[in-house]
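Participant: Any chance you can model this:
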Amino acid sequence: MKWLRVVKFVVFWSILSSVSAQSVPTRQLVLDLDSGSTYLNGVPIAFAPPARMEGGRALLPLREAARALRVPTENLRNEVGGGLRMGRLEVYPQVGLARLNGRQLPLAEVGAVVDGTFFVAARALEQSLGLTLAFDGVQRLLTLTYVPGLNARDTSLPVARFATDKREYRLGEPVRLIEYSHDPDGQPILFDYTGLEQAYFTPGPKEITLVVTNRAGRSSLPYTVRINVLPEVMYSPRDFALRHLEVGRTFTDDAVLDYPPLTTYRQDAEIPLIVSNSPEEPDRTGILYADEFSGQARALAYHVNPNPAPARLVVLATNVDTQPLSLRVERLGETASTRVVSVLGQTSLMDFLFSSQRYQLWLEPSRTLVLFSSSSLGQGQGLNLMADLASTGRVQLTFAMVEEELIPAPGSGPDAWPDLLASLAPLDPDGVHIRGTFPSAQRDLKVRMEGNTGRVIIGDGIYDPHMEGLDALTYQPVRLRGNYGVTYRISLEGAAGTVGAFSPRGGMYAGAISVNGRLKPVPENGVLFRPNTPMILFRETHLDTVELELIPASGSFLPINLVVYRLDGAGLAANTR
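Facilitator: Here you go, the predicted structure:
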């Protein structure tokens, strides 16, 4: 029911029931934007005409708002016609002008005239009167709080108050708070706790202190609650984290590498992966890598310009078939012009996974077109590119680093790029990084969770074999250590009552993972680094199967562990996938 939306305001102001609403200095208007109802200090009042929403703005009839807030208005007569003043706002509807804080504006910026009544925008009221404006998007309630003469020097101090749900806790027992702090003038407040933890893991007395600060910058006196933590154990730090920490949070588990690897059933799809990563830092213009494909393929490129001259990474597509063909870009993600390796890999991966733009090229036999050209890369700047492609015939992909001054100008003609390509020499691999064509860009893993806790290991070359391929320029066999650029689709069966976590093993990691179709950055900020500090990916209470999908991120270190913990059900937190 509608009245339930404002019950908290009615309850708050009921403590003033013995005092007339007219005698309360603070005036608080609450507008129910769905029903059009208005409340003054918790008591329903009628605006005639009622407030309205228009163009995403909350509009109040000016005279009605002034009457409710007890703000005087003044009729104006001057060279621009009749007008009205309220606080630091002047409106002249006849000529479509307004002044706000001394600045002349079009009338439409501060309100609108509807059926002969001027409606003022809530934001304009905020600026002209110095009132506090708050919007509750869930309940669609707009709250305006006005205190005559309020300023930062004479604002009353807010009051900090809270209670804990109990005074004694066991080790690892969740601590829950009941907050009832307030500001005497109804201003919003910010909370600052010291000594507060979600649970405590050392016994003895604890102090929790709260200070709240209002919008005027005035802070409350400290308010302290003392609790006692008993030596009895409810949850260990690990078990508390598995049951109560939010998805995306990290926790400590020194036993990660002791958990047994889970048995996986592997199948690789026949989608070639074309990788250009060597030389990672080419010292001159030249061809980085080239190979042919037909049908589906994935291209992955990772290069840095080490030279003083600006350059671009260019990917060219050439029809080497005897018939015309179409080349479709299904997905493409890139990150350029950054020197931060973890940003380079994670952002391009997120860009690729969220990519929905598709476009198609038509290639005549022997025709070459630019499939991709990066922005200009300065010295030390790099680019990571990933693209899923589909062709109806044989296409040669050529990856090249080209100095800016050699790039053909727009309108140079159809032979400009083929002529440049013919003049470029292949660059030698750097002996450290990988280039080559590999048989599969997709690896499907089926995992059955049968024990208590186990690991799915990705990219170690033992439990998860590395892809074996061929360098098409040197005809040398190559191995894709870490399987960068490969999509892992993992179906975890027997997942009800489990918690999944992501643990790096090789070093710094920043990437992304999809859990049952919902993409998550790993981690949300910064990087994961320590194997004994996994990040929670999901908490499943009901479904028997969890579907995971990830691509090892360029610039990050492999291998990684996906740790699956079996909980006994006692105290299992609600599903927060």
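
Participant: pLDDT averaged over stretch 394-411 - what is it?
Facilitator: The average pLDDT within stretch 394-411 is 92.

Participant: chain center to it, what's the gap?
Facilitator: With Cα atoms, centre = their mean, to the nearest Å as the basis, stretch 394-411 stands 34 Å off its chain's centre.

Participant: repeat for stretch 505-512
Facilitator: The answer for stretch 505-512 is 18 Å, by Cα atoms, centre = their mean.

Participant: If you count neighbours, what's buried in that stretch?
Facilitator: Buried residues in stretch 505-512, counted by 16 or more other Cβ atoms under 10 Å: R505, Y509, A510, G511, A512. For every residue, glycine as well, the C-beta is placed using N, CA and C.

Participant: swap in stretch 50-66?
Facilitator: A51, R52, A58, L59, L60, P61, L62, R63, E64, A65, A66.

Participant: What average pLDDT does it get?
Facilitator: Per-residue scores along stretch 50-66 average to 90.

Participant: Can you list the neighbours in contact with that stretch?
Facilitator: When contacts are defined by Cβ atoms under 8 Å, 6 or more residues apart in numbering, stretch 50-66 is touched by residues 29, 31, 33, 36, 38, 47-49, 71-73, 84, 86, 91, 111-112, 114, 117-123, 125, 135, 142.

Participant: ChimeraX command for the buried members of the residues you listed?
Facilitator: Burial among the contacts of stretch 50-66 is assessed by 16+ other Cβ under 10 Å; the matching ChimeraX selection reads:
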select :29,31,33,38,47,71,84,86,91,111,112,118,119,120,121,122,125,142
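
Participant: tell me the contacts of L97?
Facilitator: Going by Cβ under 8 Å, 6+ apart, L97 touches V80, V91, Q104, L105, P106, L107.

Participant: And it, how far from L313?
Facilitator: As judged by Cβ to Cβ, to the nearest Å, L97 and L313 stand 54 Å apart.

Participant: How about L353?
Facilitator: Using Cβ to Cβ, L353 is found at 21 Å from L313.

Participant: what about the two, which has more around it?
Facilitator: L313 (27 against 19; other Cβ atoms under 10 Å).

Participant: quick one: secondary structure of that one?
Facilitator: What DSSP: H, G, I helix; E, B strand; the rest coil gives for L313 is strand.

Participant: who are the neighbours in contact with the spatially closest residue to it that is not a sequence neighbour?
Facilitator: Once flanking residues are discounted, L313 sits nearest to S374: 4.3 Å by Cβ to Cβ, 6 or more residues apart in numbering. For S374, the contact set (Cβ under 8 Å, 6+ apart) comprises R312, L313, V314, E334, A336, L383, L385.

Participant: and the residue lying closest to E330 once chain neighbours are set aside, how many neighbours?
Facilitator: Spatial nearest neighbour of E330, excluding adjacent residues (Cβ to Cβ, 6+ apart): D388 at 4.1 Å. Per other Cβ under 10 Å, the neighbour tally for D388 reads 20.

Participant: Surely D388 is in a strand?
Facilitator: Yes: under three-state DSSP, D388 sits within a strand.

Participant: Chain neighbours aside, what residue packs nearest to T213?
Facilitator: Closest to T213 by Cβ to Cβ, 6+ apart is S219, at 4.5 Å.

Participant: Show the buried residues in the contacts of L97.
Facilitator: For the contacts of L97, a burial check counting by 16+ other Cβ under 10 Å picks out V91, L105, L107.

Participant: A510 reaches P523, doesn't it?
Facilitator: Yes: the pair A510 and P523 passes the contact test of Cβ atoms under 8 Å, sitting 7.2 Å apart.

Participant: Pass me the low-pLDDT residue ranges in the stretch 301-450 of the chain, would you?
Facilitator: Across the stretch 301-450 of the chain, the ranges flagged by pLDDT under 70 are 336-345, 356-357.

Participant: just the helices in it please.
Facilitator: For the stretch 301-450 of the chain, the helices defined by DSSP state H, counting those that start in this stretch cover 341-354, 416-423.

Participant: measure S556 to S278 for me?
Facilitator: Separation of S556 from S278 (Cβ to Cβ) stands at 18 Å.

Participant: Count the neighbours of G172 for me.
Facilitator: Residues lying near G172 (other Cβ under 10 Å) number 23.

Participant: can you tell me which residues contact it?
Facilitator: Residues near G172 by Cβ under 8 Å, 6+ apart: A199, Y200, F201, V233, M234, Y235, S236, P237, D239, F240.

Participant: cool, and R85?
Facilitator: The contact partners of R85, by Cβ under 8 Å, 6+ apart, come to T73, E74, L76.

Participant: Next one: the last one from G82, what distance?
Facilitator: Going from L76 to G82 by Cβ to Cβ gives 7 Å.

Participant: What of the second one?
Facilitator: Relative to G82, E74 is positioned 12 Å away (Cβ to Cβ).

Participant: Over to the first one?
Facilitator: As defined by Cβ to Cβ, T73 lies at a distance of 13 Å from G82.

Participant: Quick check: end-to-end length of stretch 465-476?
Facilitator: 19 Å (Cα to Cα, to the nearest Å).

Participant: Return the set of buried residues in it.
Facilitator: Going by neighbour count (16+ other Cβ under 10 Å), the buried part of stretch 465-476 is H466, M467, G469, D471, A472, L473.

Participant: Let me know the closest of those to G485.
Facilitator: Closest to G485 out of those is M467 (9.2 Å), distances taken as Cβ to Cβ.

Participant: What distance do you get for that closest one to I271?
Facilitator: 12 Å.

Participant: can you list residues touching both of these two?
Facilitator: Residues within reach of M467 and of I271 at once, by Cβ under 8 Å, 6+ apart, are S440.

Participant: Was I right to think E540 contacts V546?
Facilitator: Yes: using Cβ under 8 Å, E540 is in contact with V546, at 5.6 Å.

Participant: shared neighbours of the two, anything?
Facilitator: Counting by Cβ under 8 Å, 6+ apart, the residues touching both E540 and V546 are A495, T498, G500.

Participant: Among those, which lie within strands?
Facilitator: Among the shared contacts of E540 and V546, the subset assigned to strands under DSSP state E consists of T498, G500.

Participant: Output the shared contacts of E540 and V546 in CSV; the columns should cover distance to F529 and pLDDT.
Facilitator: CSV is the format used below for those (distance: Cβ to Cβ, whole Å; pLDDT from 0 to 100):
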residue, distance to F529, pLDDT
A495, 27, 93
T498, 25, 95
G500, 19, 96
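
Participant: could you dump the shared contacts of E540 and V546 to a markdown table with distance to D460?
Facilitator: Listed next are those as a markdown table, based on distance: Cβ to Cβ, whole Å:
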| residue | distance to D460 |
| --- | --- |
| A495 | 23 |
| T498 | 22 |
| G500 | 18 |
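
Participant: Of the shared contacts of E540 and V546, just say which sits nearest to V432.
Facilitator: Of all the shared contacts of E540 and V546, G500 has the smallest distance to V432: 33.5 Å, by Cβ to Cβ.

Participant: in the stretch 51-200 of the chain, what spans have low per-residue confidence?
Facilitator: 78-81, 138, 149-155.

Participant: can you give me how far stretch 484-504 is from the chain middle?
Facilitator: Its chain's average C-alpha position is 21 Å from that of stretch 484-504, according to Cα atoms, centre = their mean.
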